[in-house]
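In: Fold the following.
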Amino acid sequence: MTNNKYIATPTRTKEILNKYKFTFKKSLGQNFLIDSNVLENIIAHAGIDKQAGAIEIGPGIGALTEQLAIHADKVVAFEIDQRLIPVLQDTLGDYDNVQIVNEDILEADVAETIAANFPKTQPVHVVANLPYYITTPILLKLLHEDLPVTSLTVMIQKEVAERMAAGPNNKSYGSLTIAVQYYTEAAVVMDVPKQVFMPQPNVDSSILRLVKRDKPPVEVDNEKYFFALIKASFAQRRKTLRNNLTSYFKGTIDKDAINQTLESIGIDGTRRGESLDMQEFATLANAFYRLG
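Out: So this is what the prediction gives:
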């Protein structure tokens, strides 16, 4: 049930914005949540309880941070906008389990922050309403760094959430899908209407839950090569796998060698990238990597 004392109401949000004469920066993708029911759903999907620690990205005026502070043991929130630091110190003044870090998450040493703030045995979850324009770089940074986090539950653009959770033979499936699912099990757990934001974004949102895997579902000889080859396979979606690979390997591996390699691993070169599952991509990448 909505509590009118919470930050996440239209009235309280307007009060805070007026008090600090705060203006939204379009360049930072600022859209603040004004519905505490949505926030409680995010907390529930994220599996946050008093045993858990939470990392938040882009707390804004503290709507989600407040709910995390109520439900989690400790919250560390990264906020890039210097103007919001005094606002957050005010709105979250009643909570002694919140630490605000005025830093760009893309530049931050998140592993060091986790080590400094949470016991090694404590489950830590990333929970965030991410700015749409920078969702993918943030998530890929957090995944590639293999942080000691249990899960990531993020509010992002609906279309991007669908891409990250897609399966093969789906128009949303692509290199981003495989990059995310290599490290996590991905699921869209909830759609969110644009009316619960101030200002309202132009697109619908979804909550994506990513649960970290203990180990990747496939074995690859070289991860960097694996991801590069996947990207090449989707370079032009309408082209066949063979044609995309021919363009990618131009000057290094000739057509005959490409055909022979595809044949040796039983993958039809006339298929398109979107029809291959992750295991097939692993087989493909390992075969070409060994070819040199």
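In: pLDDT score for T184?
Out: pLDDT recorded at T184 is 98.
In: Ignore what I typed, I meant K25.
Out: pLDDT, K25: 71.
In: Would you confirm that L245 contacts I258?
Out: Yes. Using CB atoms under 8 Å, L245 makes contact with I258 at a distance of 5.3 Å. To be clear about C-beta, it is placed using only N, CA and C from the backbone, and glycine gets the same treatment.
In: secondary structure class for the closest residue in space to V110 that isn't next to it in sequence?
Out: Among residues not flanking V110 along the chain, L147 sits closest, at 5.7 Å (CB to CB, 6 or more residues apart in numbering). Assigned by DSSP: H, G, I helix; E, B strand; the rest coil, the conformation of L147 is coil.
In: Over to I156?
Out: I156 is classified as strand under three-state DSSP.
In: shouldn't it be in contact with S205?
Out: Yes. With contact defined as CB under 8 Å, I156 and S205 form a contacting pair (6.7 Å).
In: Quickly list what's touching both of these two.
Out: The contact sets of I156 and S205 do not overlap (CB atoms under 8 Å, 6 or more residues apart in numbering).
In: between L245 and I258, which one's more packed in?
Out: L245 (25 against 20; other CB atoms under 10 Å).
In: I'd like to know how far that one sits from E274.
Out: 15 Å (CB to CB, to the nearest Å).
In: which secondary structure element contains F227?
Out: Under the criterion of DSSP states H and E, F227 resides in helix 223-233.
In: typed the wrong thing, it's D221
Out: Going by DSSP H and E, D221 is not part of any helix or strand.
In: State the distance from the residue at minimal distance from the centre of the chain to A228.
Out: When CA atoms, centre = their mean is applied to the chain, the residue found nearest the centroid is L139 (3.4 Å). Noted for L139: a distance of 19 Å to A228, by CB to CB.
In: which sections of this structure are below the confidence cut-off?
Out: 1-4, 26-29 (pLDDT under 70).
In: Need the CA coordinates for the lengthiest helix in it. PDB is fine.
Out: Assignment by DSSP state H gives helix 278-291 as the longest helix of the chain. This file holds the C-alpha atoms of helix 278-291, laid out as PDB (Å, rounded to 0.1, in the frame of the first residue of the first chain):
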ATOM      1  CA  MET A 278      24.900 -20.500 -27.300                       C
ATOM      2  CA  GLN A 279      26.400 -24.000 -27.500                       C
ATOM      3  CA  GLU A 280      26.600 -23.700 -31.300                       C
ATOM      4  CA  PHE A 281      28.300 -20.400 -31.000                       C
ATOM      5  CA  ALA A 282      30.800 -21.900 -28.600                       C
ATOM      6  CA  THR A 283      31.500 -24.700 -31.000                       C
ATOM      7  CA  LEU A 284      31.900 -22.200 -33.800                       C
ATOM      8  CA  ALA A 285      34.200 -19.900 -31.900                       C
ATOM      9  CA  ASN A 286      36.400 -22.800 -30.600                       C
ATOM     10  CA  ALA A 287      36.800 -24.200 -34.100                       C
ATOM     11  CA  PHE A 288      37.900 -20.900 -35.700                       C
ATOM     12  CA  TYR A 289      40.100 -20.000 -32.700                       C
ATOM     13  CA  ARG A 290      41.900 -23.400 -33.100                       C
ATOM     14  CA  LEU A 291      42.200 -22.700 -36.800                       C
END
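In: Just list what that helix packs against, helices and strands only.
Out: helix 175-183, helix 223-233, helix 255-264 (3 or more CB pairs under 8 Å, 6 or more residues apart in numbering; DSSP states H and E).
In: ok, and what's touching the second one?
Out: Applying CB under 8 Å, 6+ apart, the set of residues contacting helix 223-233 from outside is 175, 178-179, 220, 241, 244-245, 247-248, 273, 276, 281-282, 284-285, 288-289.
In: Report the buried members of the residues you listed.
Out: The neighbour-count criterion (16 or more other CB atoms under 10 Å) marks 175, 178-179, 220, 241, 244-245, 248, 273, 276, 281-282, 284-285, 288 among the contacts of helix 223-233 as buried.
In: Nearest approach to D96 belongs to which of the helices and strands packed on helix 278-291?
Out: Smallest distance to D96 across the helices and strands packed on helix 278-291 (CB to CB): 33.4 Å, for helix 175-183.
In: Pull the residues that contact that closest one.
Out: 136, 139-140, 143, 146, 163-166, 186, 210, 212-213, 216-218, 227, 230-231, 233-234, 278, 281.
In: Filter the residues you listed down to just the buried residues.
Out: 136, 139, 143, 163-166, 186, 210, 212, 218, 227, 230-231, 233-234, 278, 281.
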